[in-house]
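S.K.: Fold the following and give me the result.
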Amino acid sequence: IIRKLHEIFIASQMEMQYSKEEILESYLNTLYFGHGIYGFHEASEFFFGQELEACSIAQITMMIGVINGPSIYSPYINYEASSNKMHTLLNYLKNTGYLNEESYLKSMNENLNLKEETYEKSNSSYYVQAVLDEIHYKNIDSSKGLSIYTSYDSTVQDAF
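M.R.: Numbers count the residues shown, from 1 in each chain. As a prediction, the model looks like this:
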């Protein structure tokens, strides 16, 4: 309860100092996309090699899907899962009236043209992110710092 009251206090202070658009922009610039990438601008450069403003509906929808689970929905890790998530989101956008039939069909059939040369496989970064996700999902308080010990051995992982 104390944590929630603290969050309410911080949120009300933020709303007094910043517009809702500024708060949303700040939030969107801190979302994690995996691969050490934060925010939509970095993600569009990383995944597609282009500015966010140049991204198509399908590309933006794919990036939105990655947010739900970067270690699961990154197109570099699992293109099929990423594509399925994107199609699910596009269906939702069509069914709720945000996309017309023409835009929906164009987006569903679009080739995303990933910027493949930016991807370097690093087992340790995914493992670290999985550990951090586990801490987050179990609501472990890390505000006072944590010491985390795992059985991860990069030499063994790199052998595979």
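S.K.: which residues of this protein fall in helices?
M.R.: Along the chain, the segments classed as helices by DSSP state H run 2-17, 20-28, 40-48, 57-67, 70-73, 79-95, 101-108, 123-137, 154-159.
S.K.: who's in contact with the residue nearest to the spatial centre of the chain?
M.R.: With distances taken as CA atoms, centre = their mean, residue 67 lies nearest the centre of the chain, 2.4 Å away. The neighbourhood of residue 67, defined by CB atoms under 8 Å, 6 or more residues apart in numbering, consists of 31-33. Every residue, glycine included, has its C-beta placed from N, CA and C.
S.K.: Which members of those residues occur in strands, if any?
M.R.: Here DSSP state E is the test, and the contacts of residue 67 give no hits in strands at all.
S.K.: what would those residues look like in a markdown table with pLDDT?
M.R.: What follows is the contacts of residue 67, written out as a markdown table (pLDDT from 0 to 100):
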| residue | pLDDT |
| --- | --- |
| 31 | 92 |
| 32 | 91 |
| 33 | 92 |
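S.K.: Distance check, residue 63 against residue 56.
M.R.: 11 Å (CB to CB, to the nearest Å).
S.K.: So the two - more neighbours on which side?
M.R.: Per other CB atoms under 10 Å, whichever of residue 63 and residue 56 has more neighbours is residue 63, with 24 against 16.
S.K.: which residues sit in contact with that one?
M.R.: Applying CB under 8 Å, 6+ apart to residue 63 gives the contacts 33, 40, 43-44, 47, 55.
S.K.: switch the cut-off to 10 Å
M.R.: 31, 33, 37, 40, 43-44, 46-48, 52, 55, 73, 75, 82, 86 (CB atoms under 10 Å, 6 or more residues apart in numbering).
S.K.: Quick check: residue 15 vs residue 22, distance?
M.R.: Going from residue 15 to residue 22 by CB to CB gives 10 Å.
S.K.: ok, the contacts of residue 63 vs residue 153, which is closest?
M.R.: Closest to residue 153 out of the contacts of residue 63 is residue 37 (25.8 Å), distances taken as CB to CB.
S.K.: okay, now the closest one: neighbour count?
M.R.: 21.
S.K.: Contact partners for it?
M.R.: Contact analysis of residue 37 by CB under 10 Å, 6+ apart lists 31, 43-47, 63, 66, 70, 74, 118.
S.K.: Quick check: closest non-adjacent residue to residue 104.
M.R.: In this structure, residue 104 finds its nearest non-sequential neighbour in residue 94, 4.2 Å apart by CB to CB, 6 or more residues apart in numbering.
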